[in-house]
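[1] Following is a predicted model, sequence given first.
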Amino acid sequence: MSLTFLDKTTMGSYLQAMWKKDLNTGEDPANGRWFDNGANNDGIGLYGGLTDNAATSLQFNESQKQYLPEAVVCDTATLDNTNGLAPSSTVQLTYSYARSASTTHSTTDSIKAGMGVDIKASATIFGIGADVTTKFSFEYTHAWGTSTTETETNTYTFSQSVPISVPKGKVYQVVLTAMSQKLVIPYTATVAVTGTTETWFEDRINGHYNWMMDAGTALANIGQWGLAGRDSTCYSAAGVTQTGTVTAQQTTNFVAKVYDVTGTQDTNAPAGMMRRSLLGSGSSDAPAGGILVQTIPFTSTDNMA
């Protein structure tokens, strides 16, 4: 039994403070040397009888998750058939975007820096909005003792060729839209601690040199009594817990909308040309004065760029 993920010096300091408060004494419960072993060679000591195990996945608090969808304009093109010479055209609509998951978590002095055992896993969480339930499938990394933020990102390109028929005398604008979706969900990651902590005082305290306590009670006392300073809220009977938030982002629900914008475009532009609109990404998808004439939904086709 031994501490692998938790820093022994830090844990020793907190356990010493815990025993002193528990027994109402100012004496050193380890007597300066009984940290990994006891005076009776029992292999326990102040922290030698404790075993820690770092979680291999995150515990998500789905009751506190936030689903934040936002409609975005991805690409646009204008087809001009006012002279009747371009009754049909093919528009290439393209949009590059990222799917990502970032973990941002608290830190604690108790967990060793750079301990080399990170959580790398995947999760599927459903985001629930007013009108739709959306599935988020993502990979994530939680770095225990190094960085407070880790990001997993994949880049994709949506690309579709769309044939459009434009009546003589008309100008159509094709607008590619999508739903940019963000899911924010709190999580916890715990280093569980089991075993026993004991004292070996130089003098008898309340009649004994040797006192023993299970790990869960000891850590709960550290947290309850505020003996770990700013990290005290991380301590409980379960172990030492880091709190954090995963932010997952994805883009789905690509749709092309065709608008009749005859009379709303630049009359100085040459007729019969396909030209890009000044409508920008993130704008309302409906051009000013445009009349919707067709909606073309797409099945998601992610191509990694």
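    Received, thanks. Residues are numbered from 1 along each chain as shown.
[2] Could you report the neighbour count for H142?
    Residues near H142, counting by other CB atoms under 10 Å, number 22. Every C-beta, even on glycine, is put in place using the N, C-alpha and C of the backbone.
[3] tally of neighbours for N41?
    The number of residues near N41, taken as other CB under 10 Å, comes to 7.
[4] typo on my end, it should be A86
    17.
[5] Check A189 too.
    Neighbourhood size, A189 [other CB under 10 Å]: 22.
[6] now swap in V293 and tell me
    14.
[7] which residues sit in contact with it?
    Y172, V258, Y259, D260 (CB atoms under 8 Å, 6 or more residues apart in numbering).
[8] repeat that for 10 Å
    I164, V166, P167, K170, Y172, K257, V258, Y259, D260 (CB atoms under 10 Å, 6 or more residues apart in numbering).
[9] What pLDDT does the model give it?
    If you check V293, the pLDDT there is 94.
[10] Tell me the helix or strand right after the helix or strand of the chain with the lowest mean pLDDT.
    Each helix and strand of the chain was given a mean pLDDT (mean pLDDT, DSSP states H and E); the minimum falls on strand 274-275 at a mean of 38. Sequence-wise, the next helix or strand downstream of strand 274-275 (DSSP states H and E) is strand 291-297.
[11] Could you give me the buried positions within that following strand?
    I296 (16 or more other CB atoms under 10 Å).
[12] hmm, back to that, select only the buried ones of the contacts of V293 in ChimeraX?
    Remark: buried members of the contacts of V293, expressed as a ChimeraX selection using 16+ other CB under 10 Å:
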select :164,166,170,172,257,258,259,260
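[13] Looking at the contacts of V293, which two lie furthest apart in space?
    Comparing all pairs in these by CB to CB, the longest separation belongs to P167 and K257, at 17.2 Å.
[14] shaky segments in the protein?
    For the chain, the stretches with pLDDT under 70 are 1, 114-116, 129-132, 146-147, 265-284, 300-305.
[15] cutoff 80 now
    Counting by pLDDT under 80, the chain shows low-confidence ranges at 1, 113-117, 127-133, 145-148, 264-286, 289, 299-305.
[16] what is the orientation angle of the longest strand seen in the chain with strand 291-297?
    When the chain is parsed with DSSP state E, its longest strand is strand 170-198. Computed by axes from the mean of the first three to the mean of the last three CA atoms, to 10 degrees, the angle separating strand 170-198 from strand 291-297 equals 50 degrees.
[17] Tell me the buried residues in strand 170-198?
    Neighbour counts over strand 170-198 (16+ other CB under 10 Å) mark 170-193, 195-198 as buried.
[18] Report the strands that pair with that strand, each with its relative direction.
    With DSSP bridges as the test, strand 170-198 is paired with strand 50-54 (antiparallel), strand 59-60 (antiparallel), strand 66-81 (antiparallel), strand 212-214 (antiparallel), strand 239-260 (antiparallel).
[19] how far does the last one sit from the chain's center?
    The one in question is strand 239-260. 10 Å (CA atoms, centre = their mean, to the nearest Å).
[20] Same question for the fourth one.
    Taking the mean of its C-alpha atoms, strand 212-214 sits 37 Å from the chain's own mean (CA atoms, centre = their mean).
[21] next one: stretch 29-36
    41 Å.
[22] Kindly report the same for stretch 257-265.
    Offset of stretch 257-265 from its chain centre (CA atoms, centre = their mean): 41 Å.
[23] Report the buried residues of stretch 244-255.
    For stretch 244-255, a neighbour-count test (16+ other CB under 10 Å) marks G244, T245, V246, T247, A248, Q249, Q250, T251, T252, N253, F254, V255 as buried.
[24] One more: stretch 230-239?
    Result for stretch 230-239 [16+ other CB under 10 Å]: buried residues D231, S232, C234, Y235, S236, A237, G239.
[25] Please apply the same query to stretch 214-228.
    D214, A215, G216, A218, L219, A220, N221, I222, G223, L227, A228.
[26] Please apply the same query to stretch 197-209.
    Buried residues in stretch 197-209, counted by 16+ other CB under 10 Å: T197, E198, T199, W200, F201, I205, Y209.
[27] mind pulling up the phi and psi values for the last one?
    Geometry field for Y209 lists phi and psi as phi -80, psi -40, criterion degrees, to the nearest 10.
[28] try the fifth one
    The main-chain torsion angles of F201 are listed as degrees, to the nearest 10 and equal phi -70, psi 150.
[29] now swap in the third one and tell me
    Dihedral angles of T199 (phi, psi; degrees, to the nearest 10) stand at phi -110, psi 150.
[30] helix/strand/coil for the closest residue to it other than its chain neighbours?
    Distances taken as CB to CB, 6 or more residues apart in numbering place P29 nearest to T199, at 3.8 Å, with adjacent residues excluded. Under the three-state scheme (DSSP: H, G, I helix; E, B strand; the rest coil), P29 adopts coil.
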